[in-house]
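Sharing a sequence plus its predicted fold:
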Amino acid sequence: MSPAAEAPLRDAMRERRARACGLVVAALLALLFLAAPSDTPADTEESTQPSAGGTALVLTIADAIGPATSDYLQRGIEQANDQNARLVILLLDTPGGLVSSMRDMIKSIIASDVPVATFVSPSGSHAASAGTYLLYASHVAAMAPGTNVGAATPIQMGAPSPPRPTDRFNPVTKPSGEDGEGEQSEGEAEQPQDEGTAVPAPATASERKALNDAIAYIRSLAELRGRNAEWAELAVRDAASLSAEKALELNVVDVIATSIDDLLEQIDGRTVGLSDGELTLQTQGLVLERQEPDWRVKLLATITNPNVAYLLMMVGIYGLLFEGYNPGALVPGVIGGIALLLALFAFQVLSVNYAGLALVLLGVILMTAEMFAPSFGVLGIGGVISFVIGSIILMDTDVPGFEVSKVIVGSVALVASGLIMLTIAFALRSRRRPVVSGQEHLLGSLAEVEEDFEQTGMVFVDGELWKATSTSPVIKGQRVKVTGVQGLTLSVSPRQGTN
């Protein structure tokens, strides 16, 4: 096909690609528009006007604490303040979470003009690690029967180790020998911590700083709300945990309630301290208004999931690489750019080890280089090693729910290794194949003599006329073999036993 005929075809292909990308972007914008919440959420329109008894805004956190849950709680408290709600009830069930998100949530609770009652519910729930801090920070701390609280040691120091002796005073036990038997005091927790799961002593200066900072923080919250500061320190230093009944007995929580209605009934008339003074709660007849996470919280929770952020990064990198090797394709570049920006946003709010991120990027670049410039495994193997190490250390935390799955890392590495092995196999196979392009592929080819000549003449080979030299006389129509190529001149010799 002539270049003039190819030009319209190329233009048509580019137009189709541009139209496809436009449809993708338009679809994304339409989804965002449809999912965007109105100023007054549809599910709460009827309850935005407080009733005669007032309203209580009910929020629910039943997952690891991260940027999404922090945003959800902060906006919920802002809404309660704007609506002059009487109370915010936080239903809590969490294994812990990120310290930065937890501190932001506590700041909102302390600064709120509306009292916040954190309720560890339903039965079977727990407020571990960061959840313990939230419980201590709340104006009212409540637990349902069959729940527990504690184990608030900074996660980097939470590795199990053999029990270690300690001579410091345990605030919830009698010193050994005080009553002749060394028995537990009446107010002691049944299991401050299990034997064999004691937290190791801080080994480094940074660990000691983290531990002391965590202890000081939870003690300050306990003193602010008038709760048991000694047990709070135990929860951080020794990962102690308590059942709901023991928590009430030790003044860790204020109320044990079986339901929200029971909670409202028990705390009616209780006085709590706000930032601008004390307030007596009037919780009888409050109308419950449940605020469920909207699309923004769900989207933030999705993209800040370390596994999703990790996959978005991979899609973004490979999309941009494919766009670079196929300029004008547009779709890989558009999708890759969006995915990479979302991944970078997620990494901004997550606790990321940037050395690990750099190793992941280096590994992807090396593996991609192996596919396009085969080095028979040198670049590819180095890329896989760099990629795996970087992926393992990518998330700078061991908080449950905020680590990259080893299965995903292994799967991506396995697929990349398979592609590298295929690339090496194709490269080795191509070396064994005969040359099919360039002047070198003429070697060994058969040519037809165009005219009689003894030393120099013309031959026809591969659809073209070539100047040729021969050491023996040849005649027109004779088949000769190409034995060499020197510039634009071929060296030929007659085939033995043939004309």
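Thanks, I have it.

Show the backbone phi and psi for the residue nearest to Val461 when sequence neighbours are not counted.
In this structure, Val461 finds its nearest non-sequential neighbour in Ala447, 3.7 Å apart by C-beta to C-beta, 6 or more residues apart in numbering. From N, CA and C alone the C-beta is placed, and that goes for glycine too. Per-residue torsions, Ala447: phi -120, psi 160 (degrees, to the nearest 10).

For Ala447, give its distance to Glu454.
Noted for Ala447: a distance of 16 Å to Glu454, by C-beta to C-beta, to the nearest Å.

Just the pLDDT for the closest residue to Val99 other than its chain neighbours.
Nearest residue to Val99 in three dimensions, chain neighbours excluded: Ala130, at 7.1 Å (C-beta to C-beta, 6+ apart). Ala130 is assigned a pLDDT of 90 by the prediction.

show me where the stretch 301-450 of the chain has helices.
For the stretch 301-450 of the chain, helices defined by DSSP state H, counting those that start in this stretch occupy the ranges 306-325, 331-349, 354-372, 378-392, 406-432.

so what's the residue nearest to Val461 up against?
459-461, 466, 468, 479-482, 490, 492 (C-beta atoms under 8 Å, 6 or more residues apart in numbering).

Tell me the buried residues within those.
The neighbour count (16 or more other C-beta atoms under 10 Å) marks 459, 461, 466, 468, 480-482, 490, 492 as buried among the contacts of Ala447.

biggest separation within these, which pair?
Using C-beta to C-beta, the pair of these lying farthest apart is Trp466 and Lys481, separated by 13.2 Å.

those helices in the stretch 51-200 of the chain, which residues are they?
Counting by DSSP H, counting those that start in this stretch, the helices of the stretch 51-200 of the chain are 67-82, 99-111, 130-137.

Could you point out which of the ones you listed sits nearest Ile260?
The nearest among the helices of the stretch 51-200 of the chain, by C-beta to C-beta, is helix 67-82 at 15.4 Å.

The closest one versus helix 99-111: what angle between them?
10 degrees (axes from the mean of the first three to the mean of the last three C-alpha atoms, to 10 degrees).

just checking, what packs against helix 67-82?
In terms of contacts (3 or more C-beta pairs under 8 Å, 6 or more residues apart in numbering; DSSP states H and E), helix 67-82 is packed against strand 55-61, strand 87-92, helix 99-111, helix 295-303.

what's the second one in contact with?
Just to be clear, that refers to strand 87-92. So strand 87-92 is contacted by 54, 56-62, 73, 76-77, 80, 112, 114-121, 125, 127, 131, 134-135, 138, 260, 263-264, 281, 283, 286, 288 (C-beta under 8 Å, 6+ apart).

Just the mean pLDDT for that strand, thanks.
According to the model, strand 87-92 has a mean pLDDT of 95.

by how many degrees do it and helix 67-82 diverge?
Taking the same axes, to 10 degrees, one finds strand 87-92 and helix 67-82 inclined to each other by 160 degrees.

count of residues packed around Asn305?
The number of residues packed near Asn305 is 20, by other C-beta atoms under 10 Å.

what sits against it?
Neighbours of Asn305 in contact, by C-beta under 8 Å, 6+ apart: Ala346.

Please apply the same query to Glu451.
457-458, 476.

top of those residues by neighbour count?
Gly457 leads these on contacts (other C-beta under 10 Å) with 18 neighbours.

That one: what secondary structure?
Gly457 falls in the strand class when you classify it by DSSP: H, G, I helix; E, B strand; the rest coil.

Looks like it contacts Pro473 (just checking).
No. Taking C-beta atoms under 8 Å as the definition, Gly457 is not a contact partner of Pro473, at 9.9 Å.

Take the helices of the stretch 301-450 of the chain and lay them out in TSV including mean neighbour count and distance to Ala240.
Rendered in TSV, the data for these read as follows (neighbours: other C-beta atoms under 10 Å; distance: least, C-beta to C-beta, whole Å):
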stretch	mean neighbour count	distance to Ala240
helix 306-325	19	29
helix 331-349	18	31
helix 354-372	18	33
helix 378-392	20	31
helix 406-432	14	30
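
If you average pLDDT over each of these, which is lowest?
Among the helices of the stretch 301-450 of the chain, helix 406-432 scores lowest, at a mean of 73.

Show me what it is packed against.
Applying 3+ C-beta pairs under 8 Å, 6+ apart, we find helix 406-432 packed against helix 306-325, helix 354-372, helix 378-392.

which secondary structure elements does the first one contact?
Meaning helix 306-325. For helix 306-325, the packing partners by 3+ C-beta pairs under 8 Å, 6+ apart are helix 295-303, helix 331-349, helix 354-372, helix 406-432.

Out of these, which gets nearest to Glu223?
helix 331-349 (30.5 Å).

thinking again about what came up before, who's in contact with the residue nearest to Val99?
Contacts of Ala130 (C-beta under 8 Å, 6+ apart): 65, 94, 96-99, 101-102, 152.

Pull the most distant pair out of those.
Pairwise distances across the contacts of Ala130 peak at 14.9 Å for Ser101 and Ala152 (criterion: C-beta to C-beta).

Tell me which of the two has more neighbours.
More neighbours surround Ala152 than the other of Ser101 and Ala152, with 31 against 25 (other C-beta under 10 Å).

Just the mean pLDDT for the host helix or strand of Ala468, thanks.
Element membership of Ala468 [criterion: DSSP states H and E] is strand 464-470. Across strand 464-470, pLDDT averages out at 87.

what's next to whatever helix or strand comes next after that strand, contact-wise?
Going down the chain from strand 464-470, the next helix or strand is strand 479-486, by DSSP H and E. With C-beta under 8 Å, 6+ apart as the test, strand 479-486 has contacts from 439-440, 442-449, 459, 461, 468, 470, 474, 490-495, 498-499.

Apply the buried test to those and list what passes.
442, 447, 449, 459, 461, 468, 470, 474, 490-492, 494.

Now render the residues you listed as TSV, adding distance to Val412.
Below are those laid out as TSV (distance: C-beta to C-beta, whole Å):
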residue	distance to Val412
Leu442	45
Ala447	53
Val449	60
Val459	55
Val461	50
Ala468	56
Ser470	60
Val474	62
Leu490	51
Ser491	53
Val492	55
Pro494	60
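
Any idea which of the residues you listed the model trusts least?
Within these, lowest confidence goes to Leu442 (73).

The closest residue to that residue other than its chain neighbours pairs with what?
Counting by C-beta to C-beta, 6+ apart, Val482 is the residue found nearest to Leu442 once chain neighbours are left out, at 5.1 Å. On the basis of DSSP bridges, Val482 is bridged to Val492.

Look up how far Asp462 lies from Val482.
9 Å.

Give me the common contacts of these two.
442, 445.

Need the CA coordinates for stretch 68-82. CSV is fine.
What follows is stretch 68-82, C-alpha atoms only, in CSV (Å, rounded to 0.1, in the frame of the first residue of the first chain):
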residue,chain,number,x,y,z
ALA,A,68,-11.1,6.6,55.3
THR,A,69,-12.5,6.0,58.9
SER,A,70,-10.8,9.2,60.1
ASP,A,71,-12.5,11.2,57.3
TYR,A,72,-15.8,9.5,58.1
LEU,A,73,-15.7,10.3,61.8
GLN,A,74,-14.5,13.9,61.4
ARG,A,75,-17.2,14.7,58.9
GLY,A,76,-19.8,13.0,61.1
ILE,A,77,-18.8,15.1,64.1
GLU,A,78,-18.9,18.3,61.9
GLN,A,79,-22.4,17.3,60.7
ALA,A,80,-23.5,16.8,64.3
ASN,A,81,-22.2,20.2,65.3
ASP,A,82,-23.9,21.9,62.3
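
Show residues contacting that stretch.
By C-beta under 8 Å, 6+ apart, the residues outside stretch 68-82 that reach it are 57, 59, 61, 63, 85, 88, 90, 94, 97, 101-102, 104-105, 108-109, 112-114, 116, 291, 293, 296-298, 300-301, 304.
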